[in-house]
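1. A predicted structure for the sequence below; I have some questions about it.
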Amino acid sequence: ADSGYFSQANVEACAETEITPLIAPGRERHNRSWKDRFAAAPPEPDDPTPVQAMQYRLATPEGRKLYALRKQTPEPVFGIIKSVMGFRQFHLRGLQQVKGEWSLVTMAGNMKRMFALSQP
């Protein structure tokens, strides 16, 4: 989850339901130095709280890999819809009309993607 969802209550709720949380505790700088990128993981805390355990997990190479998976699944799609297609807000009101508008936007995005994939 993005940093906007980080709270002790959310981390503890995940732990109670046996979900391993990977919630960014804050914004990270882009393009970290190579020393930071290849640094060893910090030592594991003794008897950690759920928040400390999650922060340690995010600091490990495995945790960073897992968190990085979010970049390859839905997030680029929303970036393309916002920046390339220029869709930043709904123009209609009401749930049914918004659903219809979103269907058109996603259909256009899917057609754009299919066209791009069909080109040699």
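-> Yes, it's here.

2. Going by C-alpha atoms from here, please, whenever you check contacts or count neighbours.
-> Will do.

3. Go through this protein and flag its longest helix.
-> helix 95-118 (DSSP state H).

4. what's the domain layout of this protein?
-> As given by the TED database, the domain ranges for the chain are 8-70, 73-118.

5. how far away is Pro48 from Ala59?
-> 14 Å (Cα to Cα, to the nearest Å).

6. These two - which one has more neighbours?
-> The residue with more neighbours, out of Pro48 and Ala59, is Ala59; 17 against 12, by other Cα atoms under 10 Å.

7. Let me see the contact set for the spatially closest residue to that one that is not a sequence neighbour.
-> Closest residue in space to Ala59, ignoring its immediate chain neighbours: Ala41 at 5.9 Å, by Cα to Cα, 6 or more residues apart in numbering. Contact partners of Ala41, counting by Cα atoms under 8 Å, 6 or more residues apart in numbering, are Ala59, Thr60, Pro61.

8. Inside helices: which ones of these?
-> Counting by DSSP H, the contacts of Ala41 place Ala59, Pro61 in helices.

9. No more questions from me, cheers.
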